[in-house]
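J.: can't give you the sequence, but here's the structure:
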Ligand code: TMP
């Protein structure tokens, strides 16, 4: 049992393999005897999954970036309250597929919303919660979109220019906070990438 909860997030452009890697890490940590909670954003609770549907529905292609940002934040407020904070209080390792960095990269760096405004709203909905460690799985935006496949959701349908800005936004976030954000190239062999993730995660699990 950990002395206190640990919050680990996975980030990256579309098709970067976050979901695969976050689930593999959770399985590994469970086998090591840790209590682990895996969840995702937007989603992870009944209300947040409903908001996810609105956000990703291609029929909502006219959505304003302000509306988009606030809906991601609304979904976040709910998952933080219902799942993430209780998990951390129970001294679990909470692994979340995306968190506030995604809003900075997508709605901020790519969507043009003020980064400070995003930071302030995130501070309110997360009650100041920050990940202990973030794995940024980096991939060329075009390659990632190809990997993500054909049935494209509203976000995946945005232009390649937008997705390049997302990728560069993530890399800027990592540059600003190198202690927390570990950048790994996602084009490498899955086993090798996962090995590095496990090694880094184990270092903070005590
Ligand atoms: P997913 O594909 O990782 O499940 O994420 C759903 C989409 O939502 C993905 O295109 C990234 C996007 N997203 C944002 O634009 N802002 C956010 O704050 C989050 C959490 C996700």
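T.: Here it is on my side, so go on. As the structure is a prediction and not an experimental result, all values here were calculated from the model.
J.: any idea how far the longest helix that the chain contains is from the chain center?
T.: Assignment by DSSP state H gives helix 160-176 as the longest helix of the chain. Helix 160-176 has its C-alpha centroid displaced from the chain centroid by 13 Å (Cα atoms, centre = their mean, to the nearest Å).
J.: Contacts for that helix, please.
T.: 11-14, 101, 104-106, 108-111, 136, 138-142, 144-145, 181, 183 (Cβ atoms under 8 Å, 6 or more residues apart in numbering). Using the backbone N, CA and C atoms, a C-beta is placed for each residue, glycine as well.
J.: Buried subset of those, written for ChimeraX?
T.: Filtering those down to the buried ones (16 or more other Cβ atoms under 10 Å) takes a single ChimeraX command:
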select :11,12,13,14,101,104,105,106,108,109,110,111,136,138,139,140,141,144,145,181,183
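J.: Would you map the strands across this structure?
T.: Applying DSSP state E to the chain gives strands spanning 6-11, 36-40, 93-97, 133-138, 181-185.
J.: Save those strands as JSON lines, and put in mean pLDDT and distance to the ligand too.
T.: What follows is the strands of the chain, written out as JSON lines (pLDDT from 0 to 100; distance: least, Cβ to the nearest ligand atom, whole Å):
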{"stretch": "strand 6-11", "mean pLDDT": "98", "distance to the ligand": "9"}
{"stretch": "strand 36-40", "mean pLDDT": "98", "distance to the ligand": "6"}
{"stretch": "strand 93-97", "mean pLDDT": "98", "distance to the ligand": "6"}
{"stretch": "strand 133-138", "mean pLDDT": "98", "distance to the ligand": "11"}
{"stretch": "strand 181-185", "mean pLDDT": "97", "distance to the ligand": "16"}
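J.: closest one to residue 78 among these?
T.: strand 36-40 (11.4 Å; Cβ to Cβ).
J.: Give the pairing partners of the closest one; include direction for each.
T.: Here strand 36-40 is paired, per DSSP bridges, with strand 93-97 (parallel).
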